[in-house]
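A.B. asks: Sequence and predicted structure below; questions after.
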Amino acid sequence: MVHPDFFSDIESILGVAAVLRSRSDLLSYTENTSGFFREIAGILLPKTTADVQSCVRVARRFKTPLYPISAGKNWGMGSRLPIRDGSVILDLKHLNRIRKIDGNMGYAVIEAGVTQTQLAQQLRSQNCSYFLDVTGSSGHSSIIGNAMERGISYNGLRAEQLMHLEIVDGRGELIRTGFQAQSEGTLSELYRYGVGPSLDQLFFESNFGIVTAATVHLLPKTEKQIQFSLSLRDASALPDVFDALRTLRERRFLFCTARAGNKDRLYPLIAPLLQRELEKMGAKRTRPELLEILNRHFKGTWFVGGAIAGTRAFTAVAQKEVRKTLGKFGTPRFMSGDKAQWIGHLTRLVRMKEIPALISALGSLQNLARGIPTEDTLPSVFWPVGLSPSKDPAAEIDRSAAGLLFSAPLAPLNGASVAMLIQVIESVCVKYALSPAITLNTATDRLIEAVISLHFNKQDSVVTKKAQMCLKDLNAELARQGFFQYRLTVEDMPEAINPNNPGWTLIRELKTLFDPDDIIASGRYCPPLTGLDSAKSPT
Ligand SMILES: Cc1cc2nc3c(=O)[nH]c(=O)nc-3n(C[C@H](O)[C@H](O)[C@H](O)COP(=O)(O)OP(=O)(O)OC[C@H]3O[C@@H](n4cnc5c(N)ncnc54)[C@H](O)[C@@H]3O)c2cc1C
C-alpha cells in the first residue's frame, strides 16, 4: 500500500495530470503480451530530469517503490510490468527531447523517452550522413529502455552504442558518466571511460539509477547495401552455415547481424505483410493460399539472411565471397534496392502480382539494417493466433489475445553450439506441443543471440500457463547446457538472482550505495535489499 500523501505530494510538484491512478489507467499499464500479473499503485509522468529527481526524493520519504520505463515496449519479457507488486510506474515517455545531434562526429544526445522513429526521422530530415542502428522492434520503442535491457540492434549491441549517461540515483542525486570534471564536454560523448574506473556499465541491466539521458553513437551511411538470403532445404547444414558466417565476419566481409530463422519464424513474419500488399493490389488471398505462395517461394526449413554494406567496390568483392562461401549450402540470392525496384516494375508490367507483393512485403524488413525502423515485424505476433492487427499494432499488442514469451540465450558462434542449441529447444518444446519461432543472430564475431518466441492465445489461461511452463523448462535446460539468458523476463528475475552467490552479494552491496532504500526497480537484476514497508509515513 502506498501512503496516500505520496500521490498528493507528487501532484503538488508535477501537477495533477502527471499522476494516473484510475482503474482503466492501471489496467492499461498492466496488460502485457506474456500473460503475467502484477498490481501497480499508480503511474507518474515526469517531463524533466528535475521532475525525476523530485519523484525519487518524495518516493524515498514515503519508501514507495518506483519502476522506471522509457517507452514500455518490453514485449515478450513483461512489457511495462515491474518486478514487485505495489510499485508506482515512472513512465519517462515525456522526457522525449533530442538534446543534440552532431552530424559531424556522428552522435546524438537523447532523453529516455526518445523513440527509434523519432530519432531516425530527425536524422533523415537533417539529411545526416549517419543513421541510428535500430532493432527489429517497433519504431515506437525507445533507444535508452532497449539499452537498459542490453538489447541487440541490427548492426551491433545497444549497450556498446550508449555512453555519457545522465542518471538520477536512488538518493535523487544526479550522476554523469564519462569524464567527471567535464560533464557536457565533447570528449565524454566520444570516449565512454573518462579517466579512472568507468561507471557506465553499472547502469545497464541494473537498478542503481534511472537513466534520464545518454549519448548514442550513430553509424555512417554506406554507398551501397546488398541483401543476401539463402533457403536451406536440409536443416542439418545449419551448423556448417554458422561456421561459414563466422568466417565471413572474421574476414570482414560481413559487419551486420546475419541471421537464420526457422519456418515458424519466417512465415508469420512475411505472411501478414504479403496479405497486406496483395490486398492493396486487389488480390486478397486466404491464409491457406498465402501459405501456398510462401511454400512456392521459400523452399526450405531454415532461412539465412543478412546485408553486405560498404563502397560499391567493396560490396562487389564481398558479394563474391558470400556467394562462394554460402554457395556450398544452396543458392544465395542477392537483392539491392535498385534491383528490387527493377524486378518489381518488370513483373508488374507482365501483370504478375505475387513477386511485386513479396518484394514490397520484404522491403521494410530489409530496410532495418539501414536504420529505418518499422512496425512491420509486429503482425508476426498476431499471425500465429489467427489475428490481424489494425493500423497501430504497437498500441494493440498488449491488450490483444496475442501472447508472446521470449527466451534469449547466448551461445558461442560455432556449428557445434548451433546443433546443441536446436536440439535443446526442440526437445523441450515438443513436450509442450509448442512450435517455437527461432531466430539465431550472429551478434558479435564470437556470439550467437538466439531469440526463441513462444506464441499462444493469451485469452486461454490453460494455454498461457503451458507456454509459461515451457519457457521455464526451456531456460533451465538451456542453462544446464551452458546457454545462459542475456536478459530476463520480469517473472524469471527473482529466481535467476541468487542472493547467496558472491557476485550478486556484491551487486547488492553496490545497490546500497546508490539506492539505500531500494526505491528504484526493486529486485531488477539485483537481490532486493529488504521488503519495503510502502505504507510508511514519511521519515
Ligand atoms: C516483433 C518484435 C521484435 C523485437 N525485436 C527486438 C530486437 O531486434 N532487439 C531487441 O533488443 N529487442 C527486440 N524486441 C523486444 C522489445 O520490444 C525491445 O527490446 C524494446 O526496445 C523494449 O522496449 P522499450 O525500448 O520501450 O524499453 P522499456 O520497456 O521502456 O524498458 C525496458 C526495461 O528497462 C528498464 N528501464 C527502461 N528505461 C529505463 C531508464 N530510463 N532507466 C533505468 N531503467 C530503465 C525497465 O526495467 C524496463 O522494464 C522485439 C519485440 C518484438 C515483439
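C.D. replies: Alright, I've got the coordinates. Just so you know, these numbers come straight off a predicted model, no measurement behind them.
A.B. asks: what sits against the residue in the stretch 351-500 of the chain positioned nearest to the ligand?
C.D. replies: Closest to the ligand within the stretch 351-500 of the chain is Thr377: 4.0 Å, counting by Cβ to the nearest ligand atom. Just so you know, the C-beta spots here come from the backbone N, C-alpha and C atoms, and that holds for glycine as well. Residues near Thr377 by Cβ atoms under 8 Å, 6 or more residues apart in numbering: 136-138, 269, 365.
A.B. asks: What score does it have for pLDDT?
C.D. replies: Thr377 is assigned 98 on the pLDDT scale.
A.B. asks: Next one: it from Leu273, what distance?
C.D. replies: Applying Cβ to Cβ, to the nearest Å, the value for Thr377 to Leu273 is 9 Å.
A.B. asks: which parts of the chain sit against the ligand?
C.D. replies: 68-76, 92, 112, 135-137, 141-142, 144-146, 148-149, 151-152, 210-211, 377-378, 380-381, 521, 524 (Cβ under 6 Å from any ligand atom).
A.B. asks: What is the neighbour count of Ile452?
C.D. replies: 28 (other Cβ atoms under 10 Å).
A.B. asks: In contact with the spatially closest residue to Gly194 that is not a sequence neighbour, which residues?
C.D. replies: Closest residue in space to Gly194, ignoring its immediate chain neighbours: Phe179 at 4.2 Å, by Cβ to Cβ, 6 or more residues apart in numbering. Neighbour list for Phe179: 185, 187-188, 191, 194-195 [criterion: Cβ under 8 Å, 6+ apart].
A.B. asks: The same query, at a cut-off of 7 Å, please.
C.D. replies: By Cβ atoms under 7 Å, 6 or more residues apart in numbering, Phe179 lies in contact with 185, 187-188, 194-195.
A.B. asks: Ile293 should be in a helix, yeah?
C.D. replies: Yes - judged by DSSP: H, G, I helix; E, B strand; the rest coil, Ile293 forms part of a helix.
A.B. asks: Who are the contact partners of Ile270?
C.D. replies: 294, 361.
A.B. asks: Can you tell me the element it falls in?
C.D. replies: Assigned by DSSP states H and E, Ile270 belongs to helix 263-280.
A.B. asks: Check which element follows the lengthiest strand in the chain along the chain.
C.D. replies: Taking DSSP state E as the criterion, the chain has its longest strand at strand 447-457. Toward the C-terminus, strand 447-457 is succeeded by helix 461-480 as the next helix or strand (DSSP H and E).
A.B. asks: got the contact list for the helix or strand just after that next one?
C.D. replies: Downstream of helix 461-480, the next assigned helix or strand under DSSP H and E is helix 493-496. Contacts with helix 493-496, where a contact means Cβ under 7 Å, 6+ apart, come from 83, 488, 523-525.
A.B. asks: Taking the residues you listed, tell me the two that lie furthest apart.
C.D. replies: For the contacts of helix 493-496, the farthest-apart pair by Cβ to Cβ is Leu488 and Gly523; their separation is 10.8 Å.
A.B. asks: who's in contact with the most centrally placed residue in the chain?
C.D. replies: Central residue of the chain (Cα atoms, centre = their mean): Gly151, 4.9 Å from the mean position. The neighbours of Gly151, taking Cβ under 7 Å, 6+ apart as the test, are 135, 158.
A.B. asks: May I have the phi/psi pair for it?
C.D. replies: phi -60, psi 170 (degrees, to the nearest 10).
A.B. asks: next helix or strand past the host helix or strand of Phe406?
C.D. replies: For Phe406, the enclosing helix or strand under DSSP H and E is strand 402-407. Note on strand 402-407: by DSSP H and E, the next helix or strand toward the C-terminus is strand 410-412.
A.B. asks: List the buried residues in that next one.
C.D. replies: 410-412 (16 or more other Cβ atoms under 10 Å).
A.B. asks: tell me which residues in the next helix or strand after it are buried?
C.D. replies: Moving toward the C-terminus from strand 410-412, the next helix or strand (DSSP H and E) is helix 415-431. Of the residues in helix 415-431, 415, 417-418, 420-422, 424-425, 428-429 count as buried by neighbour count, 16+ other Cβ under 10 Å.
A.B. asks: again with stretch 242-254
C.D. replies: Buried-residue list, stretch 242-254, by 16+ other Cβ under 10 Å: 242, 244-246, 248-249, 253-254.
A.B. asks: how is this structure carved up into domains?
C.D. replies: 98-220, 224-377, 402-493 (automatic domain parsing).
A.B. asks: Give me the neighbour count for Gly15.
C.D. replies: Neighbours around Gly15, by other Cβ under 10 Å: 12.
A.B. asks: And it, its phi and psi?
C.D. replies: Backbone torsions for Gly15, taken as degrees, to the nearest 10, come to phi 100, psi 160.
A.B. asks: how about it, what does it touch?
C.D. replies: Taking Cβ under 7 Å, 6+ apart as the test, Gly15 contacts no residue whatsoever.
A.B. asks: any idea how far the ligand is from it?
C.D. replies: Look at Gly15 and the ligand: by Cβ to the nearest ligand atom, to the nearest Å, they are 21 Å apart.
A.B. asks: Return the backbone torsion pair for Arg287.
C.D. replies: According to degrees, to the nearest 10, Arg287 has phi -60, psi -50.
A.B. asks: Ignoring the adjacent residues along the chain, who's closest to it?
C.D. replies: That would be Ala271: by Cβ to Cβ, 6+ apart, it lies 7.5 Å from Arg287.
A.B. asks: in a strand, that's where Ile167 is, yeah?
C.D. replies: Yes - assessed by three-state DSSP, Ile167 belongs to a strand.
A.B. asks: Around the closest residue to it other than its chain neighbours, count how many other residues there are.
C.D. replies: Closest residue to Ile167 apart from its sequence neighbours, by Cβ to Cβ, 6+ apart: Gly209 at 3.8 Å. Counted with other Cβ under 10 Å, residues neighbouring Gly209 total 26.
A.B. asks: Is it correct that Gly209 is in contact with Val168?
C.D. replies: Yes - counting by Cβ atoms under 7 Å, Gly209 does reach Val168; the two are 6.0 Å apart.
A.B. asks: Give the intersection of the neighbour lists for the two.
C.D. replies: By Cβ under 7 Å, 6+ apart, no residue touches both Gly209 and Val168.
A.B. asks: Helices of the stretch 251-400 of the chain, start to end?
C.D. replies: 263-280, 287-297, 312-326, 337-349, 354-366, 379-382, 393-396 (DSSP state H, counting those that start in this stretch).
A.B. asks: rank the ones you listed by mean pLDDT and give me the bottom one.
C.D. replies: helix 337-349 (a mean of 66).
A.B. asks: Once you drop chain neighbours, what's closest to Leu199?
C.D. replies: Nearest to Leu199 is Thr177, by Cβ to Cβ, 6+ apart, at 4.6 Å.
A.B. asks: This completes my enquiry, with thanks.
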